[in-house]
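1. please work out how this folds:
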Amino acid sequence: MAEGGDANNTSNDNVTLPGVAPVKSQYLISKDKFHEYLDDERNKDLKLAGNLDASEDTLKHESKKVKIGEDDHDANESEKSSTELRQSKDNCKESNKKARGQNKNRPHMKPNQYEHDRKLCTSVVREHPGKCYYGEKCRFLHDVSEYLALKPADIGENCYLYDTYGRCQYGISCRYAQSHIGPDNKNLIKEDLMKMWETKVIVKNTIGKELQHILRKKKFSFPKSEQYLKMINVNNDSRKQNNPEDKTGSTQVNTDLRVEIESALSVVSVATQENSVCIPPKNNLIAESQDKFACPGNLLEKQTIPGSETDASSVKDNKQMSSATRLGVVTDEDIIKLRSCEKKQLNFRDKLYLAPLTTCGNLPFRRICKRLGADITCGEMAICTNLLQGQSSEWALLKRHHTEDFFGVQLEGAFPDTMTKCAELLNQTIDVDFVDINVGCPIDLVYQKGAGCGLMHRLTKLEQIARGMVYVLDVPVTAKLRTGVHEKINIAHKILPHLRDCGLSLITLHGRSREQRYSKLADWDYIDYCAQVVKPMPLFGNGDILSFEDANRAKTTTAVSGVMIARGALIKPWLFTEIKEQRHWDISSQERFEVLRDYSNYALEHWGSDTQGVEKSRRFLLEWLSFLCRYIPVGLLKHVPQKINERPPYYLGRDYLETLMASQNVCDWIKLSEMLLGPVPPNFTFVPKHKANSFK
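-> Numbers count the residues shown, from 1 in each chain. Below you'll find the model as predicted:
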């Protein structure tokens, strides 16, 4: 197991080191005493539970003492004198530089590898014995008694899925199966709860097998995208002929292109809607299975543009699908196309916007934030090429819970053809309120291919992407970007007017450059300047908001229309409540633990309550805990509020649970996960994805 970084305390309780949060002196403690306290309390709990094995505990305790001794020795060596620290300044900078970014070489074991060949076949889980699709070639178990002999012990007595929805679809493979399995190993149900939920759509935007097959065979038709891309090619060709030396394009060309697109709306609106196909709910393209809570059938349009080649097999498939019985209210969407002024309009002003967060911004976390006061939620960054290929893992990022009433998705891409086609695909197959363009991702893999922050240096491509997505989508298009690529070289104010002219409805600006990543403070003065430049289009500011005072300062001293919250929500998701109620919430450790319990329940509902789902839920819970440990309770601070760039010192909380939650040791994060999701499997290891969550 790995250990997170630490923050060394000063020997003088009345002096606070720079960059360290000011905690009251009576709570401060040294590093070795902090870990000794947690170890002693942990041993007491084990003895009270009667599950302490003397030999193993002694071995672990001795190894931890050795590790703590080594850490203390290193700390003493590093603090011998201020002269040595100044001499090693360059080495410290290099060490801090290496601690940023991702732990790319971290050990990682996929959740589905914990069961290996001990997994029960899905046909048996769903109580359809003898109906396995693979027959004798199936590599999973079909003997229930054999599976039960190998199955790990149940985690708890109550299954959240069974108690909430009346039925657990994971049946006997559920790690809480004792609550809903009868004496004959049959899955029990609660008919009253099932009837209450059977007509409700819990999770939308799941990909169906039919749509996935069409995408993998490249039979999906993109008529509006093809029309738009043709216009781009024509303008590019004419531009090269008229001015071969012009590599950046001109304002006149972009203006002509916009005029052509607007004029083409009336021409293609009827031609591109002639052969729209409606799929009934039983065979809809976005329903994963009968056992998954999916959205009812949506429209999948298969259109033909004059002069374009159409796959014969696609036409045949369209005819077969069009013969299906249509259910529901008849609409005129296939005849009358909405004009630009008639498209869906959203009021973003003064809303609390939860940022799209890779890894941690999953559906269970968004449910927590939504319950605690977030107004706008957005899915994790999805790669457009993976969506066009029908990858299930990428489409899972688009899922929307029914409680997310103001929801969008974020797309990442580098070229107008893939981004425009992906936008048209989503426009026809999923239910969202807006689509966001990622122009701010600093990851090397994204930047080097020209996407994310790379688009800030490719203005022509960015404009083509923005115009194309506005052209093919019936919902608003937004964008999120940084101040620039290089530190102290801000270029966002030059890009924002172009995006405004492309028809975007909202811009979110993170007050840091790509080189800064998340270091130093966000530049809110520059965010204010950009908000003035881009008027009347609304602009949201993002960066360093960890209290309602930070949010108030951003909205009163700048011209932003609202704030987006990212790391602040990871450190304290109740920040949305504090902003709305204008107070500092001294939340207790038990209340924080209940938030974690709700997250684990939502995670089991989302990823599954079998062994694979439990371990996947644990992985994402641990990733979130690597941020939650940075929170310092309000009652322990010398003065409020806590600043996001101040690292917490070692301190004892007001009870054992509060102290455990303050630990930056991965072992203690795992302890918290075991309190919610049961013991970890043998040989379990975890290293946080982001090095930035460890303080140096």
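
2. secondary structure element for the residue minimising distance to the centre of the chain?
-> Centroid-nearest residue in the chain, with CA atoms, centre = their mean: Gly361, separated by 2.7 Å. If you go by DSSP states H and E, Gly361 is not part of any helix or strand.

3. quick one, phi/psi of it?
-> When read as degrees, to the nearest 10, the backbone of Gly361 gives phi -80, psi 40.

4. contacting residues around it?
-> Residues near Gly361 by CB atoms under 8 Å, 6 or more residues apart in numbering: Leu354, Ala355, Cys378, Gly379, Glu380. For every residue, glycine as well, the C-beta is placed using N, CA and C.

5. what's the closest of the residues you listed to Gly653?
-> Distances from Gly653 to the contacts of Gly361, taken as CB to CB, are shortest for Leu354 (27.2 Å).

6. just for the protein, where's the confidence low?
-> Applying pLDDT under 70 to the chain flags the ranges 1-16, 45-117, 128-130, 239-343, 690-696.

7. try it again at 80.
-> Applying pLDDT under 80 to the chain flags residues 1-18, 41-118, 126-131, 235-344, 689-696.

8. stretch 635-653: which residues count as buried?
-> Neighbour counts over stretch 635-653 (16 or more other CB atoms under 10 Å) mark Leu636, Leu637, Gln642, Ile644, Glu646, Arg647, Pro648, Pro649, Tyr650, Tyr651, Leu652, Gly653 as buried.

9. compute the first-to-last residue distance for that stretch.
-> 10 Å (CA to CA, to the nearest Å).

10. distance from that stretch to the middle of the chain?
-> Its chain's C-alpha centre and that of stretch 635-653 lie 27 Å apart, by CA atoms, centre = their mean, to the nearest Å.

11. try stretch 180-198
-> Chain-centre distance of stretch 180-198: 32 Å, with CA atoms, centre = their mean.

12. any chance of the backbone angles for Gln532?
-> Torsion angles, degrees, to the nearest 10, at Gln532: phi -70, psi -40.

13. residues contacting the closest residue to it other than its chain neighbours?
-> Once flanking residues are discounted, Gln532 sits nearest to Ala559: 5.3 Å by CB to CB, 6 or more residues apart in numbering. Applying CB under 8 Å, 6+ apart, one finds that Ala559 lies in contact with Asp528, Ala531, Gln532, Lys535, Leu539.

14. 6 Å instead?
-> Asp528, Ala531, Gln532 (CB atoms under 6 Å, 6 or more residues apart in numbering).

15. over to Ser617?
-> Applying CB under 6 Å, 6+ apart, the residues near Ser617 are Ala603, Leu604, Trp607.

16. can you do 8 Å?
-> Counting by CB under 8 Å, 6+ apart, Ser617 touches Pro364, Ser600, Ala603, Leu604, His606, Trp607, Leu677.

17. out of everything not next to it in sequence, what's closest to it?
-> Of all residues not flanking Ser617 in the chain, Ala603 sits nearest, at 3.6 Å (CB to CB, 6+ apart).

18. relative to Val595, how far out is that neighbour?
-> Remark: distance between Ala603 and Val595 (CB to CB, to the nearest Å) = 13 Å.

19. which one's more surrounded, these two?
-> Just comparing Ala603 and Val595: by other CB atoms under 10 Å the higher neighbour count belongs to Ala603, 28 against 17.

20. rewinding a little: next, give me the two most distant ones among the buried residues of stretch 635-653.
-> The widest separation within the buried residues of stretch 635-653 (CB to CB) is 23.0 Å, between Ile644 and Leu652.

21. Val563 touches Lys351, doesn't it?
-> No. The pair Val563 / Lys351 is not scored as a contact, 9.1 Å apart, by CB atoms under 8 Å.

22. for those two, indicate the residue with more neighbours.
-> Remark: of Val563 and Lys351, Val563 carries more neighbours, 25 against 18, as counted by other CB under 10 Å.

23. how about that one, secondary structure?
-> Following DSSP: H, G, I helix; E, B strand; the rest coil, Val563 is assigned to strand.

24. contact partners for it?
-> Contact analysis of Val563 by CB under 8 Å, 6+ apart lists Leu352, Tyr353, Phe540, Gly541, Asn542, Ile545, Ala551, Ala554, Lys555.

25. quick check: which element contains the fourth one?
-> This points to Gly541. Gly541 belongs to strand 539-542, assigned by DSSP H and E.

26. pull that strand out as PDB, backbone CA atoms only.
-> Only the C-alpha atoms of strand 539-542 are listed here, as PDB (Å, rounded to 0.1, in the frame of the first residue of the first chain):
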ATOM      1  CA  LEU A 539     -19.300  33.900 -18.700                       C
ATOM      2  CA  PHE A 540     -18.700  31.700 -15.600                       C
ATOM      3  CA  GLY A 541     -15.600  31.900 -13.500                       C
ATOM      4  CA  ASN A 542     -13.800  28.900 -12.100                       C
END
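
27. contacts for it, please.
-> Strand 539-542 is contacted by residues 348, 353, 355, 480, 496, 506-511, 522, 524, 527, 530-531, 554, 558-566 when judged by CB under 8 Å, 6+ apart.

28. let's see 7 Å
-> Under the criterion CB atoms under 7 Å, 6 or more residues apart in numbering, residues 353, 355, 506-511, 524, 527, 530-531, 554, 558, 560-564, 566 lie in contact with strand 539-542.

29. strands of the protein, residue ranges please.
-> Along the chain, counting by DSSP state E, strands occupy 203-204, 276-278, 299-301, 352-354, 377-383, 400-401, 407-412, 434-439, 477-482, 506-510, 539-542, 562-565.

30. parallel or antiparallel, which strands does the longest one pair with?
-> It stands for strand 377-383. Its sheet considered, strand 377-383 pairs with strand 407-412 (parallel) by DSSP bridges.

31. quick check: angle from the partner strand to strand 434-439?
-> Angle between the axes of strand 407-412 and strand 434-439 is 30 degrees (criterion: axes from the mean of the first three to the mean of the last three CA atoms, to 10 degrees).

32. what does strand 407-412 contact?
-> Applying CB under 7 Å, 6+ apart, the contact partners of strand 407-412 are 356, 377-379, 381-384, 398, 400, 419, 422-423, 426, 432-438, 441, 446, 451-452.

33. which PyMOL command selects the buried ones in those residues?
-> Buried residues among the contacts of strand 407-412 (16+ other CB under 10 Å), as a PyMOL selection:
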select buried, resi 356+377+378+379+381+382+383+384+398+400+419+422+423+426+432+433+434+435+436+437+438+441+446+451+452
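
34. how far does stretch 367-378 sit from its chain's centre?
-> With CA atoms, centre = their mean as the basis, stretch 367-378 stands 13 Å off its chain's centre.

35. would you mind measuring the gap between the ends of that stretch?
-> Start-to-end span of stretch 367-378 (CA to CA) is 11 Å.

36. swap in stretch 469-485?
-> When the end residues of stretch 469-485 are compared by CA to CA, they are separated by 24 Å.

37. so Gln664 sits against Arg630, correct?
-> No. Between Gln664 and Arg630 there is no contact under CB atoms under 7 Å: 8.3 Å.

38. if I look at the residue lying closest to Lys480 once chain neighbours are set aside, how far off is Ile571?
-> Nearest non-adjacent residue to Lys480, counting by CB to CB, 6+ apart: Thr508, 4.3 Å away. Distance, Thr508 to Ile571, by CB to CB: 19 Å.

39. between those two, which one's more packed in?
-> Per other CB under 10 Å, whichever of Thr508 and Ile571 has more neighbours is Thr508, with 27 against 19.
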